[in-house]
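1. from the sequence below, what's the structure:
(one chain, ligands or ions: 2)
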Amino acid sequence: MPLDRYSIIDSTLREGEQFSTASFTTAQKLEIAGLLDEFGIEMIEMTTPCASPQSEADIRALVNAGLRARILTHIRCHRDDALRALDTGVHGLDIVIGTSPLLMEHSHGKSIEQIIDLAAEVLTFVRAQAPDIILRFSTEDTFRSRESDLLRVYLAVADLGVVNRLGVADTVGIALPDQVYSMVNQLVRLTGLDVEFHGHNDSGCAIANACAALQAGATHVDTTILGIGERNGITPLGGLIARLYTLDRAYVAKYNLPVLPRLDRLVADLCGIEIPFSNYITGSSAFIHKAGIHTKAVLADPATYEILKPQDFGLTREVMIGHRLTGWNALRQRAQTLGLHLDDATLRALAQDIKRRADVRPMALHEVDSLLQEAAVAQP
Ligand code: HCA
Ligand code: CU
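-> Residues are numbered from 1 along each chain as shown. Ligands and ions are numbered 1, 2, ... in the order given. Just a heads-up that it's a prediction; the model follows:
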């Protein structure tokens, strides 16, 4: 199963920079990259050096930061862009060109024949300049490109014998998992090269699509922290980790999982946003259990309603008590935590009392604790 040997390319410092409120300083990029490295990310993709003077300087800074992660930069399929990128000493180049009819008309104006010629020129040039560099070629808007066009381009590029990896990109977040599976699988079978998947989340399939790509034999998946990126972003790192963990915990054993909450918090703070309550693993309610039926079972065995163990990520679960859906088992557990010994009849009566009160207003935990303490004193 290819899932045993996949790598994550985190693109928070490239795709993530395209998020509406992201603009990282050099120090912030180093902090993000350092934490990604501590997490165990294999590759970090950075904005093209052609974007701005700081972008170029930041690639050099990261290349010299002594990280285990390989540093890549993302460039257009241009010889000049490649030269500037090579000059930074970066470990790899991710080269992309649009192949959908829309992008061919409105982005670069080239035909498929011209795209193939240009790719051949630029890719062989890069390989001649840098025999050891990691070289990837990707089509932009893969899933709105004609399949016959894609196969012509990818096979021509593969035949050059100079790239390490082919990339497919769901640039507008339109693909379904079965489409991703079939495209990736074709490329793996036809070329034998490593294949990377990059997927946007406009219609909510980015994680499922990344997973489908891996199941089809993709070797690399692009993520960003919290999924930040152009529009509503791409496959979020935490969401991909949650997805793979639930397939088999061993698939994510190579990563330092407790670093994930720090990564999400850091990027949320730097972008001036909240971590969404519904976020995978780190959302504020990701490990909160509420209804009496749930809390009873979770207190007996967390696996009843938890497929991810919060402690694997350095997090804790919370069992809510002060609401109208509460149950007396949760109250008994809380009493035990507080060192109070209450009999079952008292706990059942208290649960009914809390339900009546919570119909008016949900109660805070300290208010529930006061009721438990009063009940303990009053108990014969
Ligand atoms: C973009 C480009 C890209 C490139 C992906 C890749 C996309 O539209 O900004 O090179 O793998 O989504 O197509 O991010
Ligand atoms: Cu993208």
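
2. does any part of stretch 227-242 sit near ligand 1?
-> Yes: Stretch 227-242 lies within reach of ligand 1 by C-beta under 6 Å from any ligand atom, at E230. Just so you know, the C-beta spots here come from the backbone N, C-alpha and C atoms, and that holds for glycine as well.

3. start to end distance for that stretch?
-> Stretch 227-242 has an end-to-end distance of 13 Å (criterion: C-alpha to C-alpha, to the nearest Å).

4. now do the buried residues in that stretch.
-> By neighbour count with 16 or more other C-beta atoms under 10 Å, stretch 227-242 contains the buried residues 227-230, 232-242.

5. swap in stretch 256-263?
-> So stretch 256-263, judged by 16+ other C-beta under 10 Å, has buried residues L257, V259, L260, P261, L263.

6. distance of the second one from ligand 1?
-> When C-beta to the nearest ligand atom, to the nearest Å is the yardstick, V259 and ligand 1 sit 25 Å from each other.

7. and for the first one?
-> Note on L257: its distance to ligand 1, by C-beta to the nearest ligand atom, is 26 Å.

8. per-residue pLDDT of that residue, please?
-> With respect to pLDDT, L257 has a value of 98.

9. which residues sit in contact with it?
-> Applying C-beta atoms under 8 Å, 6 or more residues apart in numbering, we find L257 in contact with I241, D312, F313, G314.

10. apply 6 Å and report the result again.
-> D312, F313 (C-beta atoms under 6 Å, 6 or more residues apart in numbering).

11. do the same with the second one
-> Applying C-beta under 6 Å, 6+ apart, one finds that V259 lies in contact with E38, F39.

12. using the three-state scheme, assign it.
-> helix (DSSP: H, G, I helix; E, B strand; the rest coil).

13. A169 now?
-> Secondary structure state of A169, per three-state DSSP, is strand.

14. if I look at it, how far off is ligand 1?
-> In terms of C-beta to the nearest ligand atom, A169 sits 4 Å off from ligand 1.

15. what's the nearest residue to that residue once chain neighbours are set aside sitting at in phi/psi?
-> Excluding the flanking residues, the one nearest A169 by C-beta to C-beta, 6 or more residues apart in numbering is H198, at 4.3 Å. Per-residue torsions, H198: phi -130, psi 120 (degrees, to the nearest 10).

16. didn't H198 look like it was pressed against V168?
-> No: contact between H198 and V168 fails when scored by C-beta atoms under 6 Å: they sit 7.2 Å apart.

17. who has more neighbours out of these two?
-> Comparing H198 with V168 by other C-beta atoms under 10 Å, the one with more neighbours is H198, at 30 against 27.

18. from G322, how far out is the more buried one?
-> Between H198 and G322 the computed distance is 45 Å (C-beta to C-beta, to the nearest Å).

19. can you report phi and psi for C211?
-> Main-chain torsions, C211, degrees, to the nearest 10: phi -70, psi -40.

20. tell me, how many residues neighbour the nearest residue to it once chain neighbours are set aside?
-> Once flanking residues are discounted, C211 sits nearest to R243: 5.1 Å by C-beta to C-beta, 6+ apart. Neighbourhood size, R243 [other C-beta under 10 Å]: 19.

21. that's a strand at R243, yeah?
-> No: looking at R243 with three-state DSSP, it is helix, so not inside a strand.

22. in this structure it contacts I207, no?
-> Yes: here R243 reaches I207: they are 5.2 Å apart, a contact under C-beta under 6 Å.

23. contacts only, for the residue in the stretch 201-350 of the chain that ligand 1 sits nearest to.
-> Closest residue of the stretch 201-350 of the chain to ligand 1, C-beta to the nearest ligand atom: E230 (5.3 Å). With contacts defined as C-beta under 6 Å, 6+ apart, E230 is in contact with Q18.

24. swap in V126?
-> By C-beta under 6 Å, 6+ apart, the contact set of V126 is A82, L135.

25. get me the contact residues on the chain for ligand 1.
-> E15, H74, D94, V96, S138, E140, G167, A169, T171, H198, H200, E230.

26. residue ranges with poor pLDDT in the protein?
-> 1-2 (pLDDT under 70).

27. all helices for the stretch 251-380 of the chain, in order.
-> For the stretch 251-380 of the chain, helices defined by DSSP state H, counting those that start in this stretch occupy the ranges 260-271, 292-300, 328-337, 344-360, 365-378.

28. export the second one as PDB, just CAs?
-> Pointing back at helix 292-300 there. Provided in PDB are the C-alpha atoms of helix 292-300 (Å, rounded to 0.1, in the frame of the first residue of the first chain):
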ATOM      1  CA  GLY A 292     -26.100  11.900  28.400                       C
ATOM      2  CA  ILE A 293     -26.100   8.800  26.200                       C
ATOM      3  CA  HIS A 294     -22.700   9.800  24.700                       C
ATOM      4  CA  THR A 295     -21.100  10.800  28.000                       C
ATOM      5  CA  LYS A 296     -22.100   7.600  29.800                       C
ATOM      6  CA  ALA A 297     -20.500   5.500  27.000                       C
ATOM      7  CA  VAL A 298     -17.400   7.700  26.600                       C
ATOM      8  CA  LEU A 299     -16.800   7.600  30.400                       C
ATOM      9  CA  ALA A 300     -17.000   3.800  30.200                       C
END
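
29. ok now that helix, how far from the chain's centre?
-> Averaging C-alpha positions (C-alpha atoms, centre = their mean, to the nearest Å) puts helix 292-300 30 Å from its chain's average.

30. so what secondary structure elements neighbour it?
-> Judged by 3 or more C-beta pairs under 6 Å, 6 or more residues apart in numbering; DSSP states H and E, helix 292-300 is in contact with helix 328-337.

31. what does the helix it packs on contact?
-> Outside helix 328-337, the residues that reach it (C-beta under 6 Å, 6+ apart) are T295, K296, L299, V319, I321, L342, L347, R348, L350, A351, L372.
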